[in-house]
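> starting from these lines, generate the structure:
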Amino acid sequence: MAVLGAAGPVLAQSNCLPRAVLQSPARVYGSTLELGVVDGSLTLCAYKKPCWTVNPTNGALTASAATVLPGRSQDASPDAAGCVAGYCPTTKPDADIPLLWATSTNGARTAVISQGVLSIFDASSKTLLRTIPLGGGDGVPPNTAVTNAPIRLLYIDDTIHVVGMDAGPFAALWSFKDSGARLGRLTIDGRPDGESISVYRGGTSILDGGRLAVADPALGRLVILDASGKRTEMVRKVSRAPCSQQDLTDAFLSDDTQHTTAACRRTIETRFAPYYDVELARLPSGEFLAALSGKQAGEIAILDSTTLSEVKRLKLAGCAR
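Coordinates of the predicted model:
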C-alpha cells in the first residue's frame, strides 16, 4: 500500500524504515519522525504515515495500526466548504492555506486553527463548541496572545498547547484550556512576563498521554508539565568541551560553525545536532526515549531518568529502498 510520506509516496513495510521517511520533512519545524506511546506501546510515526511499534529493548519494528499519535496535530488542506475531516471553522480559511488540527488524547474534542482562531469541536458530533482568538486585543493579557505563526498543536485531555514560530530562529509555546481559559506563554522562570522558552531546535512532545515535554535547543533543558500544570525541570548532563557557549549558540541559531575548531564541530555533530527537533517519550520504568534527527534520523536514544544522559542508542532497521 502506498502512502504519502515526508518526501512523497512511501511503501509501508512492517519491519523497517523506508529511506524517504528519514529525509528532512518539508516544513519549518518538527522532527523527521514522531515518537509517542499508543495503548502502552512505544510508537514511531512518519510525518504523514505510516507508523511502527518499537521494541524499546532491541529496536525491532512491527507495523502499527495507528495513523497518527494521540494529541498531535496534522496539517491538511481545507475542502471547498473550508472544512477538514468534517470540522468546519466559522472563519473560512483560504483554499491554499493548510489547517492545523488535532484530537485530544482522551478523544473527546478536536481543535482546528484557521485564520488565527482556535475552534473547539465535539469530536464525535463535530459540533462547534467555542472559538478562542489566538491574538491579543481588549482585555486579553499580553502573555496569552500568540505572537508567532501557529505551526503545531498538542492537545492533552482538556489543554491545548500551540507552538508558534516567527521568521527568525525562534519558536515558543502558548497554552489554552478548551473551556476558553488562556493559560499563557511558557517562560524560563515560570513568571507570566518572563522570557520565553525557545523550542527552536528543541522540541515539544507528549510523554505518556498526560504530560507535556518541552525542550530548548538540543535538549539542554527539559520542562515537563503534568495535567494540573505542575512543572518539573531537568538539565541534560552532557559536556560541551571543547566548544564555548558562543560556539553552541551560533550553531543552534544559524548552523554557523565556521569559526569553531574541528574538534568542536565534531562535538556539535555528535552530542547536540542529533537532539535538534527532538521527540521524547517515557516508559513506565521512568526511562526517557528520544527519536534523534538529522544524520541520526532512524536512531533512538535511551536517556537516564534523572540526568537525561545517553544510556545507549538503538539503530532502527532501514529498508533497502
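> okay, strands next: where are they in the stretch 101-250 of the chain?
109-114, 117-122, 128-133, 149-156, 159-165, 171-177, 182-185, 203-206, 212-215, 221-225, 231-235 (DSSP state E, counting those that start in this stretch).
> mind checking which of those strands is nearest Leu253?
Nearest of the strands of the stretch 101-250 of the chain to Leu253, taken as Cβ to Cβ: strand 171-177 at 11.9 Å. Using the backbone N, CA and C atoms, a C-beta is placed for each residue, glycine as well.
> report the rounded mean pLDDT for the closest one.
The average pLDDT within strand 171-177 is 96.
> what sits up against that strand?
29, 118, 132, 134, 144-146, 148, 151, 158-165, 182-186, 196-200, 202, 204, 214 (Cβ atoms under 8 Å, 6 or more residues apart in numbering).
> same thing with stretch 306-321?
11, 13, 15-19, 22, 44, 54, 56, 58-61, 219, 222, 234-238, 287-288, 292, 296, 298-304.
> between the two ends of that stretch, how far is it?
Length of stretch 306-321, first residue to last, Cα to Cα, to the nearest Å: 38 Å.
> and it, what's buried?
Going by neighbour count (16 or more other Cβ atoms under 10 Å), the buried part of stretch 306-321 is 308, 310, 314, 316, 319.
> could I get the CA-only coordinates of the longest helix belonging to the chain as PDB?
If you go by DSSP state H, the chain has its longest helix at helix 245-254. Presented in PDB, the C-alpha positions along helix 245-254 are these (Å, rounded to 0.1, in the frame of the first residue of the first chain):
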ATOM      1  CA  GLN A 245      28.800  28.600  24.800                       C
ATOM      2  CA  GLN A 246      29.100  31.100  21.900                       C
ATOM      3  CA  ASP A 247      30.100  28.200  19.600                       C
ATOM      4  CA  LEU A 248      26.900  26.400  20.600                       C
ATOM      5  CA  THR A 249      24.700  29.400  20.300                       C
ATOM      6  CA  ASP A 250      26.000  30.200  16.800                       C
ATOM      7  CA  ALA A 251      25.400  26.600  15.800                       C
ATOM      8  CA  PHE A 252      21.900  26.300  17.300                       C
ATOM      9  CA  LEU A 253      20.700  29.600  15.800                       C
ATOM     10  CA  SER A 254      22.200  29.600  12.400                       C
END
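> buried residues in that helix, which are they?
247-248, 250-252.
> so which of the buried residues of stretch 306-321 is the closest to Arg271?
Once Cβ to Cβ is applied, the member of the buried residues of stretch 306-321 that ends up nearest Arg271 is Glu310, at 8.8 Å.
> now render the buried residues of stretch 306-321 as CSV, adding distance to Arg282 and pLDDT.
Formatted as CSV, the buried residues of stretch 306-321 follow (distance: Cβ to Cβ, whole Å; pLDDT from 0 to 100):
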residue, distance to Arg282, pLDDT
Leu308, 11, 95
Glu310, 15, 94
Leu314, 16, 95
Leu316, 19, 95
Cys319, 28, 91
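> will you turn those into JSON lines that also has distance to Ala273 and secondary structure?
As requested, those are exported to JSON lines (distance: Cβ to Cβ, whole Å; DSSP: H, G, I helix; E, B strand; the rest coil):
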{"residue": "Leu308", "distance to Ala273": "16", "secondary structure": "coil"}
{"residue": "Glu310", "distance to Ala273": "14", "secondary structure": "strand"}
{"residue": "Leu314", "distance to Ala273": "18", "secondary structure": "strand"}
{"residue": "Leu316", "distance to Ala273": "18", "secondary structure": "coil"}
{"residue": "Cys319", "distance to Ala273": "24", "secondary structure": "coil"}
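> specify which member of those residues is nearest to Asp94.
Cys319 (37.6 Å).
> these two touch, right, Phe170 and Ile197?
No - counting by Cβ atoms under 8 Å, Ile197 is not a contact partner of Phe170; they are 10.6 Å apart.
> geometric centre of the protein: which residue is closest?
Thr204 (3.9 Å; Cα atoms, centre = their mean).
> follow-up on the earlier one: hey, which of the strands of the stretch 101-250 of the chain is tucked in deepest?
strand 203-206 (a mean of 27; mean count of other Cβ atoms under 10 Å).
> how about that strand as CSV, C-alpha atoms only?
This file holds the C-alpha atoms of strand 203-206, laid out as CSV (Å, rounded to 0.1, in the frame of the first residue of the first chain):
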residue,chain,number,x,y,z
GLY,A,203,11.1,20.0,20.8
THR,A,204,7.6,19.6,22.1
SER,A,205,6.3,16.1,22.9
ILE,A,206,3.5,14.2,24.7
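> which other helices and strands contact that strand?
Packed against strand 203-206 by the contact rule (3 or more Cβ pairs under 8 Å, 6 or more residues apart in numbering; DSSP states H and E) you find strand 33-38, strand 149-156, strand 212-215, strand 279-282.
> list of residues touching that strand?
Applying Cβ under 8 Å, 6+ apart, the set of residues contacting strand 203-206 is 31, 35-36, 69-72, 105, 152, 154, 156, 161, 163, 173, 212-215, 219, 275, 277-281.
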